[in-house]
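In: everything below, folded, please.
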Amino acid sequence: MVNDNCPPMEIRNDMGVRVYMETKKENKNLGSYPLCISVRDFNMELAITNDNTSAGSSGSIKLLDIPSSPAIEEYQSEIITESTQTAIEEGQVYRDKQTVAAAMKHFSVMHKFQFRVKRSSRRSYWLVCVGENCKWHFKATSINDSAMFKIRSFNRQHTCSLMDETFIQRKRTAYVVGSMVIPKYYDPKTVYTPKDIQTDMLFEHGVNLSYMQAWRAKEKALQFLRGNPADSYSKLSKYFYILNETYPGSVVKLEKTADECFLYAFVALCTSISGWQHCRPVVVVDGTFLKSVYRGIMLTASTMDAAGTILPLAYAVVDSENDASWKWFFEQFKQAYGERLSMCVVSDRNESILKETSIVYPTLLLHVAYLDKYKVKIQEGSSTIA
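Out: Next comes the predicted model:
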């Protein structure tokens, strides 16, 4: 297995060999900086004869036999990179410890049993059965202190009776099943419900899961792919910094509570700010609820450009649609876009919008239009308002 991002390194002399050896010491992954050797025929007997002739009786040549390294023989094994390996055998070589651990979790689901980690370190991974006095065990260690792991010992015979009941009761079931159904959620548009997980696990693996276990497995799979929603809030400051560096002139604001918890977030990109000057001075604002774990409300502002298409101006994430959140939104919007002559704000019947626009934009007269007084009927080929 060779990594594609490793630049070629041509070795021509002893210095090149030393540089290569130092590079390999820093990166012990077999796929990084592989050694590719060009072979050509060479007449050793003729070379020895010529050297003896030129050196005379004072010179001597010794030929040494270099034994093969056990590490080289281990590297000749096929390196397993998939965690869904079905056949686990002694002597197998895995890409890293994480792949071995994931493969064993998958293996435990296939055979409906549970294990516990007896010892785990950077160089070793030792598993035993959860059953008392059971002889089932699994040992894998790293190869010459590299990232790769080789299975040294594996006794697959159970001498206990803790099988199906133990498997379905362990909390780790959601983690294992979740890692198995990750490919089902690669496409965000895919609908794969906990009921589907129950059906597939029973049909494909003979494992009967409860609905709650299947639901937890789905949540684990989504967490593996998209991360923990709680952790994403702590990354907002870095994200806003990168946003400002990437799009200079943008207006991004992050509001926190007194105890440093998330409260509001506002984003107006520089492209929208520059395009606003060439659009009609009409702003449509609205709010919609979010379906994430922590809920919240998204406030949006948009307009229509000269081509008749919608131009997003700004958006914000707040706790709810109230006076404080709408006031904060309009304050940030005014800072980003200013105030134009004959500017009009279009919205629904939300009282907070009417109240706060009159505070933030006191010079605007008829600044709110209620669209929901009218019923819009859209027919094929035409649109009418009744």
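
In: how about the helices in the stretch 101-250 of the chain?
Out: Along the stretch 101-250 of the chain, counting by DSSP state H, counting those that start in this stretch, helices occupy 164-169, 173-180, 194-205, 211-226, 229-234, 236-246.

In: which helices and strands does the last one pack with?
Out: Pointing back at helix 236-246 there. Counting contacts by 3 or more C-beta pairs under 8 Å, 6 or more residues apart in numbering; DSSP states H and E, helix 236-246 packs against strand 251-256, strand 262-268. All C-beta spots, glycine's among them, are computed from the backbone N, C-alpha and C.

In: out of the ones you listed, the one nearest D145 is which?
Out: Distance to D145, taken as C-beta to C-beta, is lowest for strand 262-268 among the helices and strands packed on helix 236-246, at 43.2 Å.

In: strand partners of that closest one, parallel vs antiparallel please.
Out: Applying DSSP bridges to the sheet, strand 262-268 is found paired with strand 251-256 (antiparallel), strand 310-318 (antiparallel).

In: how about the helix or strand following the last one: buried residues?
Out: Toward the C-terminal end, the helix or strand that comes next after strand 310-318 (DSSP states H and E) is helix 323-337. Neighbour counts over helix 323-337 (16 or more other C-beta atoms under 10 Å) mark 325-330, 332-333, 336-337 as buried.

In: got the angle for helix 323-337 vs strand 262-268?
Out: Compare the direction of helix 323-337 with that of strand 262-268 by axes from the mean of the first three to the mean of the last three C-alpha atoms, to 10 degrees and you get 30 degrees.

In: with just CA atoms, put the helix or strand just after helix 323-337 into CSV.
Out: Going down the chain from helix 323-337, the next helix or strand is strand 344-347, by DSSP H and E. Extracted in CSV, the C-alpha atoms of strand 344-347 (Å, rounded to 0.1, in the frame of the first residue of the first chain):
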residue,chain,number,x,y,z
CYS,A,344,-38.9,48.5,2.5
VAL,A,345,-38.9,45.5,4.8
VAL,A,346,-41.3,42.7,3.8
SER,A,347,-42.3,40.1,6.4
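
In: listing partners with orientation, what would you give for strand 344-347?
Out: For strand 344-347, the paired strands and their directions (DSSP bridges) read strand 282-289 (parallel), strand 368-370 (parallel).
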